[in-house]
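Colleague: Just to be clear, the model below is a prediction. Sequence and coordinates:
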Amino acid sequence: MKRNAVIREALGFDDVLLVPVETNVKPEDVSTRTRLTRTISLGIPLIAAGHDNVTESAMAIAIAQLGGIGVIHSNMPLGKQVEEVRRVKRAEGETVSNPITISPEASIAEALDLMTTYKISGLPVIEQPSQKVIGIITARDIRFFEDYAKPVTELMSREVITVKGNIERSMAQKLLHQHRIEKLVVVDGQGRCTGLITARDIKKLAMFPQAARDGRGRLRAGAAVGTGKDAFDRASAMADAGLDVVFIDAAHAHTRDAIGTVSRIRQQRSSEVQIVAGNVANADAARSLVDAGADAIKVGVGAGGFAASRTVAGVGMPQLTAVLNIVELCAMMNIPVIAGGGIKDSAALAKAIGAGAESVVIDQLFAGTDEAPGSIVYHGGHAYKVVNPAAKPQHRPPFTSLVHDPYLFDEDAVDTSIPYRGGVAQMVQHLVGGLKLAMAYAGSRDIPAMIENAEFVRAK
């Protein structure tokens, strides 16, 4: 032990309570809009963790529709991770850029395979090599047709309603209704397909007004990488696919490898993609990552009592103190802080926001939902979400970047199931409801006010 060192006190979320104040704020008056990074906003301060039992494209789409963001895990080959990002970015938007298309010579079987793979209901038919639109084939055209070897020209509609460039949503709705169609094909001056406007996407824009979207109306997507060359290759490929924010996930990010990875991605990708870096537990680490180019800092080393870094190495920092250690510095640098662990319920979420975190990472609470990877099984009258044991850390194949993290602890491979919790929307409603109630008790109409107003007392 360092000579003359004083053992400091550190607190977790269970060690404190928020102090109620005189207030006219009601839970329904509260806004949960917040910042994820310097330039990306969210409707709710929730991030679906980049774990292989939490977030792939299904979770990322669902949580973005609700106002948060999902972080697609990296325990998969690079090509698969890129495709998962593409699925999120193609899920909905004002205009589908670079839509999936098909050539007139392709078979009905190929068209059906593309629709099934990408979960879409229609394909513009593109003449080669001119790239001009000559038709459109939809699931309705193929329905009940069984000669799958026939070319798409046998069934495609040749009267395609096209529009040029960007048009107002109201005009798109008018054209879709006027022609009783589901899709408008966007073309350039030479009649080449550049996008697609669908009735389904327009409907979803209205259904999810708080959704986290980019400037083109597409859902926001995050993805995790480790450190080193693999991380850079993944970040670069996913940025090309439309990724909004890359999460550089290191169990201990106050290292040359993590700082160097942030710096390289920032230098090479400029402002194309935002960078969240972590995990850290003190202000010096946060400053190093921000200086390297991070747009947000993720906090959490041994944040919870059962964290492997605590139980295996005896290392960690209780999460409330860790957040408080970092928020003052990051506020001066206009950098949002993310609580990257220790959120086991809505009370912990509220305390994390009160301490200064602008968003939090949710792992186990989302892992048991329908949208998370895994299968639902029943045992002893209870439902569980079971993850393939091969996905556990010690069974990961060599393609994953996570095996290169020397600070990452392998966890017990036996328990691969968690309680089934239904749809993620229910869990989000519970968490956000608890947060709004806490904010009303603290007299705070929005998250910046909660960060400013919150006061804690020790709970004994």
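Modeller: Nice, I can see it.

Colleague: Going by C-alpha atoms from here, please, whenever you check contacts or count neighbours.
Modeller: OK.

Colleague: and Asn279, what helix or strand is that in?
Modeller: Using DSSP states H and E, Asn279 maps to strand 274-280.

Colleague: Just the CA trace of the following helix or strand past that strand, in CSV.
Modeller: Downstream of strand 274-280, the next assigned helix or strand under DSSP H and E is helix 283-292. Output in CSV follows, covering the C-alpha atoms of helix 283-292 (Å, rounded to 0.1, in the frame of the first residue of the first chain):
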residue,chain,number,x,y,z
ALA,A,283,-11.1,11.7,-14.3
ASP,A,284,-7.5,11.2,-15.5
ALA,A,285,-8.7,8.2,-17.6
ALA,A,286,-11.6,10.3,-19.0
ARG,A,287,-9.3,13.2,-19.9
SER,A,288,-6.9,10.9,-21.8
LEU,A,289,-9.8,9.4,-23.9
VAL,A,290,-11.3,12.8,-24.6
ASP,A,291,-8.0,14.2,-25.6
ALA,A,292,-7.6,11.3,-28.0
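
Colleague: chain center to helix 283-292: distance?
Modeller: Here helix 283-292 is found 23 Å from its chain centre; the criterion is CA atoms, centre = their mean, to the nearest Å.

Colleague: so what secondary structure elements neighbour the helix or strand that comes right after it?
Modeller: The first helix or strand that comes after helix 283-292 along the chain, using DSSP H and E, is strand 296-299. On a contact count with 3 or more CA pairs under 8 Å, 6 or more residues apart in numbering; DSSP states H and E, strand 296-299 meets strand 274-280, helix 283-292, helix 319-332, strand 337-339.

Colleague: Out of the ones you listed, which is closest to Gly68?
Modeller: Nearest of the helices and strands packed on strand 296-299 to Gly68, taken as CA to CA: strand 337-339 at 12.8 Å.

Colleague: Partner strands of the closest one and their direction?
Modeller: strand 296-299 (parallel), strand 359-362 (parallel) (DSSP bridges).

Colleague: ok, residues contacting the helix or strand just after it?
Modeller: The helix or strand immediately downstream of strand 337-339 is helix 346-355, counting by DSSP H and E. Contacts of helix 346-355 from elsewhere in the structure, counted by CA atoms under 8 Å, 6 or more residues apart in numbering, are 13-14, 17-18, 320, 323-324, 339, 342-343, 359-360, 430-435, 438-439, 447, 450-455.

Colleague: What's the ChimeraX syntax to select whichever of the residues you listed are buried?
Modeller: Per 16 or more other CA atoms under 10 Å, the buried members of the contacts of helix 346-355 correspond to this ChimeraX selection:
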select :13,14,17,18,320,323,324,339,342,343,359,360,431,432,434,435,438,439,447,450,451,453,454,455
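
Colleague: Now go through the contacts of helix 346-355 and say which are in helices.
Modeller: Counted as lying in helices by DSSP state H, out of these, are 320, 323-324, 430-435, 438-439, 447, 450-453.

Colleague: Need the max-distance pair from the residues you listed.
Modeller: Using CA to CA, the two most remote members of the ones in helices among the contacts of helix 346-355 are Leu324 and His430, lying 25.5 Å apart.

Colleague: on that earlier part again, comparing the strands paired with strand 337-339, which stretch has the densest surroundings?
Modeller: When you average the neighbours per residue for each of these (mean count of other CA atoms under 10 Å), strand 296-299 leads with a mean of 30.

Colleague: just to revisit the earlier point, can I get the helices and strands packed on strand 296-299 in CSV with mean pLDDT?
Modeller: Listed next are these as CSV, based on pLDDT from 0 to 100:
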stretch, mean pLDDT
strand 274-280, 94
helix 283-292, 96
helix 319-332, 95
strand 337-339, 97
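
Colleague: And those: which comes nearest Leu66?
Modeller: Proximity to Leu66, assessed across those by CA to CA, is greatest for strand 337-339 (18.5 Å).

Colleague: Deepest-packed of the helices and strands packed on strand 296-299, please.
Modeller: Most buried of the helices and strands packed on strand 296-299 by mean neighbour count (mean count of other CA under 10 Å) is strand 337-339; its value is a mean of 30.

Colleague: what's Gly217 in contact with, if anything?
Modeller: For Gly217, the contact set (CA under 8 Å, 6+ apart) comprises Glu92, Gly93, Glu94, Thr95, Leu205.

Colleague: now with 7 Å?
Modeller: Counting by CA atoms under 7 Å, 6 or more residues apart in numbering, Gly217 touches Gly93, Glu94.

Colleague: Rebuild the helices and strands packed on strand 296-299 as JSON lines, extending it with distance to Val152.
Modeller: Output for these, formatted as JSON lines (distance: least, CA to CA, whole Å):
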{"stretch": "strand 274-280", "distance to Val152": "41"}
{"stretch": "helix 283-292", "distance to Val152": "52"}
{"stretch": "helix 319-332", "distance to Val152": "56"}
{"stretch": "strand 337-339", "distance to Val152": "50"}
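
Colleague: out of those, nearest to Gly443?
Modeller: Taking CA to CA, helix 319-332 is the member of these nearest to Gly443, at 20.7 Å.

Colleague: Give me the distance from that closest one to the chain's centre.
Modeller: Counting by CA atoms, centre = their mean, helix 319-332 is centred 23 Å from the centre of its parent chain.

Colleague: Stretch 257-275 now?
Modeller: 19 Å.

Colleague: do the same with stretch 101-116
Modeller: Centroid separation between stretch 101-116 and its chain, computed with CA atoms, centre = their mean, is 30 Å.

Colleague: end-to-end on that stretch?
Modeller: Length of stretch 101-116, first residue to last, CA to CA, to the nearest Å: 13 Å.

Colleague: Could you check the strands paired with strand 337-339 and tell me which one is nearest Arg86?
Modeller: Of all those, strand 359-362 sits nearest to Arg86, with 22.2 Å by CA to CA.

Colleague: Can you name the residues in contact with that closest one?
Modeller: The contact list for strand 359-362 (CA under 7 Å, 6+ apart) reads Leu36, Pro45, Leu46, Ile47, Ala48, Ala49, Ile338, Ala339, Gly340, Gly341, Ile343, Ile353.

Colleague: and which of those is nearest to Ala372?
Modeller: For the contacts of strand 359-362, the nearest to Ala372 is Ala48 (9.6 Å; CA to CA).

Colleague: For that closest one, give the beta-bridge partners.
Modeller: Ala48 has these beta-bridge partners by DSSP bridges: Gly70, Ile362.

Colleague: From Lys460, how far off is it?
Modeller: To Lys460, Ala48 is 32 Å away according to CA to CA.

Colleague: the more surrounded of the two?
Modeller: Under the criterion of other CA atoms under 10 Å, the comparison of Ala48 against Lys460 puts Ala48 first, with 29 against 7.

Colleague: Can you tell me how far the more buried one is from Phe456?
Modeller: Computed as CA to CA, the Ala48 to Phe456 distance reads 27 Å.
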